[in-house]
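Peer 1: Got a sequence here, can you model it:
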Amino acid sequence: MFIHFIAIGGAAMHNLALALHDKGYRITGSDDTIHEPSRSRLAAKGLLPETFGWFPEKITSDLDAIVLGMHAKKDNPELQRALDLGIKIYSYPEFLYEQSKDKTRVVIGGSHGKTTITSMILHVMKYHQKSVDYMVGALIDGFDTMVHLTNDNEFIVLEGDEYLTSPLDLRPKFHVYQPNIALISGIAWDHVNVFPTFENYVKQFKIFIDKIENGGVLVYNETDENVKKITEESTKPIKKYPYNSLPHSVENGKTYLLTDEGKVLLQVFGEHNLQNMAGAKWICQLMGVQENEFYEAISSFGGAGKRLEKLAETSTSVLFKDFAHSPSKVKATTDAVKNQYPHRKLLACLELHTYSSLTPTFLKDYQNTMDAADKAVVFYSPHAVEIKELEPISEQQIKDAFQRVDLMVFTDPEAFRKYIFDQNLKNYSVLMMSSGDYGGMDFEALKKRIL
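Peer 2: Below is the predicted model of the structure:
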């Protein structure tokens, strides 16, 4: 099969291209720019475009299909050429569905936790040498790619993102997959540029439930009132299995699962991760893994990429970097680090970087999210606000939103860096939360500062 990728350089797109190349497909692609690590990974397989840009002459009638990335615009010249030639065009999720329509589809959805839960499931499956197809939103330790596709595996595990499918298809991605087994970890308003109200956002999860195959299964977090409500109201003919947190204890900065066979030491921590683990356990059992087998495997799970990643640790201090940026994730992550190290002070830093987090009407949702921190710092770039064509926000607006009189707010990267490096971090936990890089923060230098 001969497939061309329009916008091949994206995190998801390039992984799908690699997976199909490994499956024996002929792959070409284009993009206007490609960053690392996509660039090196595509180059290693001979899939990196020789020249960046869009070239309609690449679109020829011998192509079997186009995979269209969200980065491409509707007027993309390669897309227009494909439409003129009548070539079959798939969005990323549509192509994944096409590859998995004869498999048992397991789809992990939710505003938060879906990458971690998917990673936990895949870790357990690999530990017990159970081969499955998959797509996950982060590179997992021990896995070469974020996408794996075969002709033979019975199950495919898909991280179900609620963001839009493609420039031509404005459905949320997870509406496309039609799961046999589904999970919803939580609902907290996100992507305000696409879903203008909370009610509209919740509606997408109701539709997701309706897309589950009749007779299928929904595993859901019963501690989340929004999830519980839409699950209980649904009349879809499916089985519904609730979960909450697994029994555990925290002793001397270590978290243990409390099982019938004794304590199990974990490498991850936090109430949100114990909830994620409970959901993953349900899914793994539905995929044929026994409870004791799950506990044996999960003890070696070190976390999903960029989620509470431990960068440095001494006997008195620790530094974490985390992808958290939405209010629910910020609160869960801040609380988790404070609970894990209750006898240390916590310096928590958050970069407001996404479209939602830089929207004034959305800022109020951050109220009390960093209350567990002894020192709380917010960084944002006014230039990023300009680029996203949003109305300006002031430092006072941010302080009012977080409802912390002692909140430190920085807009200059160098001033922020100086503040962090001037702190006496002995007996401190340091938490850096962002989907960006704080205007170029040198994390290697910060690690050395901790050590």
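
Peer 1: Would you map out the domains in the chain?
Peer 2: For the chain, the structural domains run 2-87, 95-298, 309-450, going by automatic domain parsing.

Peer 1: can you give me the mean pLDDT across the shortest one?
Peer 2: It stands for domain 2-87. Average pLDDT, domain 2-87: 95.

Peer 1: Could I get the contacting residues of the closest residue to Glu271 other than its chain neighbours?
Peer 2: Once flanking residues are discounted, Glu271 sits nearest to Ser245: 6.0 Å by C-beta to C-beta, 6 or more residues apart in numbering. Glycine gets a C-beta too; all of them are placed from N, C-alpha and C. Shown in contact with Ser245 (C-beta atoms under 8 Å, 6 or more residues apart in numbering): 223, 271, 274-275, 278.

Peer 1: Any chance of those in JSON lines with secondary structure and distance to Glu213 as columns?
Peer 2: Output for the contacts of Ser245, formatted as JSON lines (DSSP: H, G, I helix; E, B strand; the rest coil; distance: C-beta to C-beta, whole Å):
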{"residue": "Thr223", "secondary structure": "coil", "distance to Glu213": "26"}
{"residue": "Glu271", "secondary structure": "helix", "distance to Glu213": "32"}
{"residue": "Leu274", "secondary structure": "helix", "distance to Glu213": "29"}
{"residue": "Gln275", "secondary structure": "helix", "distance to Glu213": "25"}
{"residue": "Ala278", "secondary structure": "helix", "distance to Glu213": "24"}
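
Peer 1: same for the helix-or-strand element of the chain with minimal mean pLDDT, what does it pack against?
Peer 2: Scoring the helices and strands of the chain by mean pLDDT, DSSP states H and E places helix 382-387 at the bottom, with a mean of 79. If you count contacts as 3 or more C-beta pairs under 8 Å, 6 or more residues apart in numbering; DSSP states H and E, helix 382-387 packs onto no helix or strand.

Peer 1: contacting residues around the residue positioned nearest the centre of the chain?
Peer 2: Closest residue to the average C-alpha location of the chain: Thr115 at 4.6 Å, with C-alpha atoms, centre = their mean. Contact analysis of Thr115 by C-beta under 8 Å, 6+ apart lists 136-138, 159, 304-305, 307.

Peer 1: ditto for Leu390
Peer 2: 355, 358-360.

Peer 1: Tell me the confidence at it?
Peer 2: Reported pLDDT for Leu390: 77.

Peer 1: Now do the helices in the stretch 101-250 of the chain.
Peer 2: All helices of the stretch 101-250 of the chain, identified by DSSP state H, counting those that start in this stretch, fall at 114-127, 198-210, 225-233.

Peer 1: again, but for the stretch 351-451 of the chain
Peer 2: So, for the stretch 351-451 of the chain - with DSSP H, counting those that start in this stretch - the helices run 360-363, 382-387, 395-402, 413-422, 443-450.

Peer 1: Could you provide those helices in CSV, with additional columns for mean neighbour count?
Peer 2: Formatted as CSV, those follow (neighbours: other C-beta atoms under 10 Å):
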stretch, mean neighbour count
helix 360-363, 16
helix 382-387, 14
helix 395-402, 16
helix 413-422, 14
helix 443-450, 14
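
Peer 1: Give me the number of neighbouring residues for the closest residue in space to Arg105 that isn't next to it in sequence.
Peer 2: Nearest residue to Arg105 in three dimensions, chain neighbours excluded: Pro179, at 4.8 Å (C-beta to C-beta, 6+ apart). Using other C-beta atoms under 10 Å, Pro179 is surrounded by 25 other residues.
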